[in-house]
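Participant: One predicted model, sequence on top.
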Amino acid sequence: MSADNLAGVCGTYCGSCPIYIAQNKGIEVQKKLASSLSSQMGKEIKVNDIQCKGCRDSAKDRASWAFRCKIRRCASSKQAESCCSCGGYPCRDFKSMSSLYGGLLEKQLGEYKAMGNDAWIKLMEERWRCSKCGAAIESSTLKCGTCNADNASHVKDTSGNSDSEKK
């Protein structure tokens, strides 16, 4: 699968999504996340709901978490590459989701728009890699899904200029 599929239309880097990470770690991690999400959301989330190959790759996969995403469906219906290319940006649904991430989605969408897909993907791979062990950082907690290190300052401090662009 191409990393290009990991550019969420809302500014999320899919490689940092707990659903995406859990799917790649296997059934036991998927079960744990399904249970946790069921409690948080107040409705049953089944283990087979914990699957996604990324926002853009999952657009036609009805079993995918992204297929059911209201924001992705909205952008698709308006033929917008991302939320920031939509005339209604930022809409109520985007603002609601974005509030969960403390402004990070707006920042990442701005970077996406300014940098383009390839450079943005490189930046996201840097931003969402654990500074301690190199595994994926989960966007919902800003902690490493492998060593549990807190990466909040790493995520915050990762500027829009990757090391390759500084040279």
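Facilitator: Yep, it's here.

Participant: Low-confidence regions, this structure specifically.
Facilitator: Applying pLDDT under 70 to the chain flags the ranges 1-2, 4, 58-59, 159-167.

Participant: Could I get the full set of helices for it?
Facilitator: Secondary structure of the chain (DSSP state H): helices located at 18-25, 27-41, 70-77, 92-99, 104-115, 117-127, 152-157, 163-166.

Participant: roughly how far is the first one from the heart of the chain?
Facilitator: In terms of Cα atoms, centre = their mean, to the nearest Å, the centre of helix 18-25 is found 11 Å from the chain centre.

Participant: quick revisit: figure out which of the helices of the chain is closest to Ile137.
Facilitator: Ile137 sits nearest to helix 152-157 of all the helices of the chain, at 6.5 Å, using Cβ to Cβ. From N, CA and C alone the C-beta is placed, and that goes for glycine too.

Participant: And that closest one, how far out from the chain middle?
Facilitator: Relative to its chain's centre, helix 152-157 lies at 16 Å (Cα atoms, centre = their mean).

Participant: And stretch 83-90, by the same measure?
Facilitator: Put simply, stretch 83-90 sits 18 Å off its chain's centre (Cα atoms, centre = their mean).

Participant: sorry, back to before: with mean neighbour count and distance to Gly54 added, can I get the helices of the chain in TSV?
Facilitator: Below are the helices of the chain laid out as TSV (neighbours: other Cβ atoms under 10 Å; distance: least, Cβ to Cβ, whole Å):
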stretch	mean neighbour count	distance to Gly54
helix 18-25	21	7
helix 27-41	14	16
helix 70-77	17	11
helix 92-99	15	17
helix 104-115	19	14
helix 117-127	18	11
helix 152-157	13	19
helix 163-166	9	23
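
Participant: Out of those helices, which gets nearest to Ser140?
Facilitator: Going by Cβ to Cβ, the one of those nearest Ser140 is helix 18-25, 5.2 Å.

Participant: residues making contact with that closest one?
Facilitator: Helix 18-25 is contacted by residues 6, 14-15, 29-30, 32-33, 50-54, 65, 136, 138-141, 145 when judged by Cβ atoms under 8 Å, 6 or more residues apart in numbering.

Participant: thinking again about what came up before, kindly present the helices of the chain as a markdown table, with separate columns for distance to Asp61.
Facilitator: A markdown table is the format used below for the helices of the chain (distance: least, Cβ to Cβ, whole Å):
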| stretch | distance to Asp61 |
| --- | --- |
| helix 18-25 | 12 |
| helix 27-41 | 16 |
| helix 70-77 | 12 |
| helix 92-99 | 21 |
| helix 104-115 | 23 |
| helix 117-127 | 21 |
| helix 152-157 | 28 |
| helix 163-166 | 33 |
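
Participant: Cheers, nothing more for now.
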